[in-house]
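Engineer: model the following, please.
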Amino acid sequence: MKLQRKKKLGELLCEKSYLDQSNLESALAEQKIEHRRLGQILLDLGYITEAQLNEALALQAGIERIDLIDVSISNEIISLVPAELVSKYNILPLRFDTRNTPGNAENNQPSTNNNQLLAVAMTDPFQPQILEDLRLVTGYPVRRYYADPKEMENAIMKFYGSNVARMLDNLVPADQRAETDELDNGDYSPAKLHELAREPSLVNLVNLIILEAIEVRASDIHIEPFEYEVKIKYRIDGMLVEKSPSSKRLQAAIISRIKIMADMNIAERFVPQDGHIEFTGKNGRVDIRVSTVPTVHGESIELRLLDRTVSLIGLEELGMNAQCLEGFDKCLHKNHGIVLVTGPTGCGKTTTLYAALKKIYSPAVKMITIEDPVEYQLEGINQMPVNPKRGLTFATGLRHILRHDPDIVMVGEIRDRETANIAIRAALTGHLVFSTLHTNNAPGAVTRLIDMGVEPFLLASSLEAVLAERLIRTICPKCKEPYKPDEHLIKNLNGSMEIKADTIFYHGAGCNECNQTGMKGRTGMFELLRITGKLRELIAEKPTTEQIIKAAPADHISMVHDGISKVLKGITTPEEIFRVSKTISEED
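Structural biologist: Model (predicted):
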């Protein structure tokens, strides 16, 4: 009987289309010189990924690949392998196999459990330590199966829960919480708080909370104390998602650990504090702004995550419609004037301004910004952080900026009359000024500045455009499907924009990719108010918001209409537009 030839690694990778023949040949040529393993050479050259290499090696070794998408695992098997081992080695116990069942069994391992083998899915089935640790912990020899890393991640989450939830349960098991939780706020001395915060398990827990938030693309972490527990919430795509709550016993230690990391006063618990953490995630540095406020049940902490490794978004990627993008682009190339971006906190104003500055940057132009804080460092642009403790406010900083011969100035936010007046006068004296303002819509920016005390005739002469924006969640591409929205929504949409009877609406059904929400990622919803001659005359007369809306150019597109157009394109849902805008009201 003729034995079947064992396929070589390069051959298997080419068959899987992970590698082309020319790259394989260049790697083989390098192997002849360096005498290293082919797999490592291919990894170093960037021709394949580690997951692709492990899959090919598993196939070569005769290790069966297993699909984890619809896998079912009994509680007996789950309880056999502890969560720490699952998390440490990225493995998943599956079932019991018998020795005569086809598969890759480790027959050289002694067994005290008859003919049973523990079937285990692995993303890297070539680590001897995994097999040894599993045998010691479970008492069973192991049969290896290869699993896709993404499927493994989802399956571990499904059967074992999040890493944070597991660690919280390990520190204070659920069945012990009711009888051991203290109902006070943990009145400890500063020395005791320092001791609690330096416990290795607590250090790991806080690091894990931050790492998990980064992995799920959270913008904020909220740690909120209540009477019987401490709630942990992540803000993902603008929505708060509650995670497993912590035991009340861990409250003082968690809060103290974060305050130590943020260089705050650990002994002061009755006055709000601000701090800053530089945290190193898997992909690089993450800056975290920390704020505490005293509440009835202890200090509440908010952490704003700013991932430095995320690249800046280009102006064309923000989600502006063609007309809005063209109009805003024209404003960016003006020689002087003021351009405002408005909206509530967290709606993407700073991201839009950074995209604008990136678009118009040139070595021939001097650009200076004053921000609170500097969120991203822009190459070639002078950026100044506000420091009120040392007397550096927006107003004082802006005054000094104007002495540095800038062409373009960005003011992080106009908060008061003094800053507004300096920015307006800078625009009148030949500078192009960008800034942000907290108003609900574009026309509201005019009345807000006049209310602040800016002279209407100066505003009329200097203002070039106001861009209002909101962030809306987009439909998850993995589970996107047609659906029929509520009739009231359709009726209201018809009142704002004509919708054809055969229009197909989409939503997300919910999947592991989007955490069963049906929504993943965000895009912008915009309204650009260009200041025409007619509007300049009106602004000089202190108009109301309604008068400005009526006098807007004929081609003006409101923010809600821009959102509806994104619904019709299948980017988002009618419910999301209603949630964000709150402008179109449903009929009873």
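Engineer: do you know how far residue 380 is from residue 571?
Structural biologist: From residue 380 across to residue 571, the span is 33 Å (C-beta to C-beta, to the nearest Å). C-betas here are computed from N, CA, C, even on glycine.
Engineer: neighbour count winner among those two?
Structural biologist: Set residue 380 next to residue 571 and count neighbours by other C-beta atoms under 10 Å: residue 571 wins out with 18 against 12.
Engineer: which stretches of the stretch 101-250 of the chain form strands?
Structural biologist: Assigned strands in the stretch 101-250 of the chain, in chain order: 104-105, 116-122, 142-146, 218-225, 229-236, 239-242, 246-247 (criterion: DSSP state E, counting those that start in this stretch).
Engineer: the helices in the stretch 101-250 of the chain, which residues?
Structural biologist: Applying DSSP state H, counting those that start in this stretch to the stretch 101-250 of the chain gives helices spanning 128-138, 149-160, 163-171, 174-180, 190-197, 200-215.
Engineer: helix, strand or coil for residue 345?
Structural biologist: coil (DSSP: H, G, I helix; E, B strand; the rest coil).
Engineer: pLDDT wise, what is it at?
Structural biologist: Looking at residue 345, its pLDDT is 84.
Engineer: pull the number of nearby residues for it.
Structural biologist: 7.
Engineer: any regions of the chain where pLDDT drops low?
Structural biologist: 1-6, 84, 100-114, 161-163, 165-167, 169-189, 282, 309-311, 492-498, 582-588 (pLDDT under 70).
Engineer: give me the most central residue, it.
Structural biologist: Nearest to the geometric centre of the chain sits residue 217, at 2.4 Å (C-alpha atoms, centre = their mean).
Engineer: can you tell me the closest non-neighbouring residue to that residue?
Structural biologist: Distances taken as C-beta to C-beta, 6 or more residues apart in numbering put residue 236 closest to residue 217, at 6.1 Å, once the chain neighbours are dropped.
Engineer: my guess is the one you found meets residue 218, correct?
Structural biologist: Yes. With contact defined as C-beta atoms under 8 Å, residue 236 counts as touching residue 218 (5.2 Å).
Engineer: the residue nearest to the centre of the chain contacts residue 234, doesn't it?
Structural biologist: No. Residue 217 lies out of contact with residue 234 (C-beta under 8 Å); the separation is 9.1 Å.
Engineer: contact partners for residue 551?
Structural biologist: Residues near residue 551 by C-beta atoms under 8 Å, 6 or more residues apart in numbering: 534-535, 538, 543.
Engineer: buried subset of these as a PyMOL selection?
Structural biologist: This is the PyMOL syntax for the buried subset of those, where burial follows 16 or more other C-beta atoms under 10 Å:
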select buried, resi 535+538+543
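Engineer: may I have the phi/psi pair for the residue lying closest to residue 194 once chain neighbours are set aside?
Structural biologist: Excluding its sequence neighbours, the residue lying closest to residue 194 (C-beta to C-beta, 6+ apart) is residue 266, at 6.6 Å. Note on residue 266: its backbone torsions stand at phi -70, psi -20 [degrees, to the nearest 10].
Engineer: just checking, residue 266 touches residue 256?
Structural biologist: Yes. If you go by C-beta under 8 Å, residue 266 and residue 256 touch, sitting 5.5 Å apart.
Engineer: got any residues that touch both of those two?
Structural biologist: Contacts common to residue 266 and residue 256, judged by C-beta under 8 Å, 6+ apart, are 193-194, 197.
Engineer: what is the nearest of the residues you listed to residue 479?
Structural biologist: residue 197 (41.4 Å; C-beta to C-beta).
Engineer: how close does the closest one get to residue 233?
Structural biologist: Distance, residue 197 to residue 233, using C-beta to C-beta: 21 Å.
Engineer: and what of residue 413?
Structural biologist: Taking C-beta to C-beta, one finds residue 413 at 26 Å from residue 233.
Engineer: ok, now residue 421?
Structural biologist: Residue 421 sits 40 Å away from residue 233, going by C-beta to C-beta.
Engineer: likewise residue 399?
Structural biologist: 41 Å.
Engineer: looking at these two now, which is surrounded by more residues?
Structural biologist: residue 233 (19 against 14).
Engineer: so what's the more buried one up against?
Structural biologist: Residue 233 neighbours (C-beta under 8 Å, 6+ apart): 221-222, 224, 240-243.
Engineer: nearest spatial neighbour of it, skipping sequence neighbours?
Structural biologist: Using C-beta to C-beta, 6+ apart, the closest residue to residue 233 is residue 222 (4.3 Å).
Engineer: around residue 508, count how many other residues there are.
Structural biologist: Residue 508: 24 neighbours (other C-beta under 10 Å).
Engineer: show the backbone phi and psi for residue 471.
Structural biologist: phi -100, psi 130.
Engineer: what's the burial count for it?
Structural biologist: Residue 471 has 20 nearby residues by other C-beta under 10 Å.
Engineer: same question, residue 393
Structural biologist: With other C-beta under 10 Å as criterion, residue 393 counts 18.
Engineer: give me the nearest residue to it, chain neighbours excluded.
Structural biologist: In this structure, residue 393 finds its nearest non-sequential neighbour in residue 386, 6.4 Å apart by C-beta to C-beta, 6+ apart.
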